[in-house]
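# sharing a model prediction with you, sequence too.
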Amino acid sequence: MKAKEVQGAMVFRAGAFRRRIAWVFALQFVAVAIVCVMGAYDQAPLPAVIAVIVIVTGLAWLATSREWRPVSALARLISEWRDGQSDPAALEPERLSRRTDADLAVLARGLHGFAARIADYGQRERNFTRDASHELRTPLTVIRMSVDMLNDEAGLGESGRRSVRRIHRATRELEALVEVLLILARESDSGGTAEQFVVNDVLRRELETANDLMAGTSVELHLEEPARFALRGSMRAFSVLCWQLIRDACLHADAGRVVVTVMPDAITVSHATDNTAAARDGSERLSFELAIAQRISDRFAWPLELHTTGGPGVARVRFPDTLPLRA
């Protein structure tokens, strides 16, 4: 390492901290040795020797604490660091004391560069998701409106209407996929503004949409409501989570029945077929929908339990902080 580290107008000496600490302990040793020798030859009374040793030790501790302050300040700054909220400029080496050791200055410079890169990455992430949200949702909205208008055409034949329904279904699934990917793409995104919503109402809307998309198939969708409760959080994230679970159940419920049940502190999505295990091909690998649902549940601390081997497939989401509904 060089004898000096230069950062702008600041000059940091390599090994300065070690040298100052060595001087403190050397002076303490000399003072204590002299006092002990004086006490041994009766040149100083024992109480005075003990008092001097205590005073010298206290001064050494104060001097060492003073030298350790830059390290403590940097450690405190790192412990209080909050990504996206703290200013990377706080880690600039120029803000360190002139008595700072060069090794600590190198550490501070590295942490500053790392924090600056993280902040730049976060800004690029926010810009990308904002632009992607606009550029992806706009054409999907145009496609959905065009499909709705095309479906109202009087001269459209049955084959054309089936194609329109397939386009509408694919568009709705793509919209849901874009929604969930945009939520998961942003680490700091909470999925929207926290709000209070009734779980039963959101599930009813999702099932109505799913019924429209499953029209013409043999899958039956049912909602059972032995309980009603509310949540405070992201209704958008909850809606996407439910949609992924319902979609996975519909995909694996060939000629079956999908039941969504609201319990006091959880919801379950179950599907039954003539041979559920065969439908799963004995694989324990999660489907894309369940993998996305798992990531959402991890993000928002809504534990997801899956039972997909043998018998009916059941997905259960528990909510630790439910809110009672007013009468």
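It's in.

# got the contact list for the nearest residue to L46 once chain neighbours are set aside?
Distances taken as C-beta to C-beta, 6 or more residues apart in numbering put G39 closest to L46, at 6.2 Å, once the chain neighbours are dropped. Every residue, glycine included, has its C-beta placed from N, CA and C. G39 is in contact with 45-46, 48-49, counting by C-beta atoms under 8 Å, 6 or more residues apart in numbering.

# any idea which element G39 lies in?
helix 16-40 (DSSP states H and E).

# rounded mean pLDDT for that helix, please.
What helix 16-40 shows for mean pLDDT is 80.

# residue boundaries of the strands in the stretch 151-300 of the chain?
195-198, 220-224, 230-233, 257-263, 266-272 (DSSP state E, counting those that start in this stretch).

# got JSON lines for those strands, with mean pLDDT, mean neighbour count and distance to A119 too?
Shown next, in JSON lines, are the strands of the stretch 151-300 of the chain (pLDDT from 0 to 100; neighbours: other C-beta atoms under 10 Å; distance: least, C-beta to C-beta, whole Å):
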{"stretch": "strand 195-198", "mean pLDDT": "88", "mean neighbour count": "14", "distance to A119": "29"}
{"stretch": "strand 220-224", "mean pLDDT": "88", "mean neighbour count": "14", "distance to A119": "45"}
{"stretch": "strand 230-233", "mean pLDDT": "89", "mean neighbour count": "17", "distance to A119": "27"}
{"stretch": "strand 257-263", "mean pLDDT": "90", "mean neighbour count": "20", "distance to A119": "42"}
{"stretch": "strand 266-272", "mean pLDDT": "87", "mean neighbour count": "21", "distance to A119": "38"}
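
# out of these, nearest to R19?
Among these, strand 230-233 comes nearest to R19, with 55.7 Å by C-beta to C-beta.

# list the helices and strands that closest one packs on?
For strand 230-233, the elements it packs on are strand 195-198, judged by 3 or more C-beta pairs under 8 Å, 6 or more residues apart in numbering; DSSP states H and E.

# sheet-wise, list the partners of the strand it packs on with their directions.
Partners of strand 195-198 in the sheet, by DSSP bridges, are strand 230-233 (antiparallel).

# got the CA positions of the strand it pairs with in PDB?
C-alpha atoms of strand 230-233 as PDB (Å, rounded to 0.1, in the frame of the first residue of the first chain):
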ATOM      1  CA  ALA A 230     -60.800  -7.700   5.200                       C
ATOM      2  CA  LEU A 231     -57.100  -7.000   4.700                       C
ATOM      3  CA  ARG A 232     -55.000  -3.900   4.700                       C
ATOM      4  CA  GLY A 233     -52.300  -4.000   2.000                       C
END
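
# so P320 belongs to a helix, correct?
No: P320 is assigned coil when assessed by DSSP: H, G, I helix; E, B strand; the rest coil, not a helix.

# would you confirm that it contacts A266?
No: P320 is beyond contact range of A266, at 10.1 Å (criterion: C-beta atoms under 8 Å).

# in JSON lines, list the strands of the stretch 151-300 of the chain along with distance to S65.
Converted to JSON lines, the strands of the stretch 151-300 of the chain look like this (distance: least, C-beta to C-beta, whole Å):
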{"stretch": "strand 195-198", "distance to S65": "50"}
{"stretch": "strand 220-224", "distance to S65": "66"}
{"stretch": "strand 230-233", "distance to S65": "46"}
{"stretch": "strand 257-263", "distance to S65": "58"}
{"stretch": "strand 266-272", "distance to S65": "54"}
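
# so which of those gets nearest V71?
strand 230-233 (40.6 Å).

# can you give the contact residues for the closest one?
191, 194-199, 238, 300, 319, 321-325.

# ramachandran angles for P324?
When quoted as degrees, to the nearest 10, the phi and psi of P324 stand at phi -70, psi 150.

# nearest residue to it in space, please, no chain neighbours.
Here the residue nearest P324, using C-beta to C-beta, 6+ apart, is F229, at 6.7 Å.

# for the one you found, give its distance to L203.
11 Å (C-beta to C-beta, to the nearest Å).

# same check, this time on A194
19 Å.

# which one of the two has more residues nearby?
Neighbour totals were compared for A194 and L203, and L203 leads with 21 against 11 (other C-beta atoms under 10 Å).
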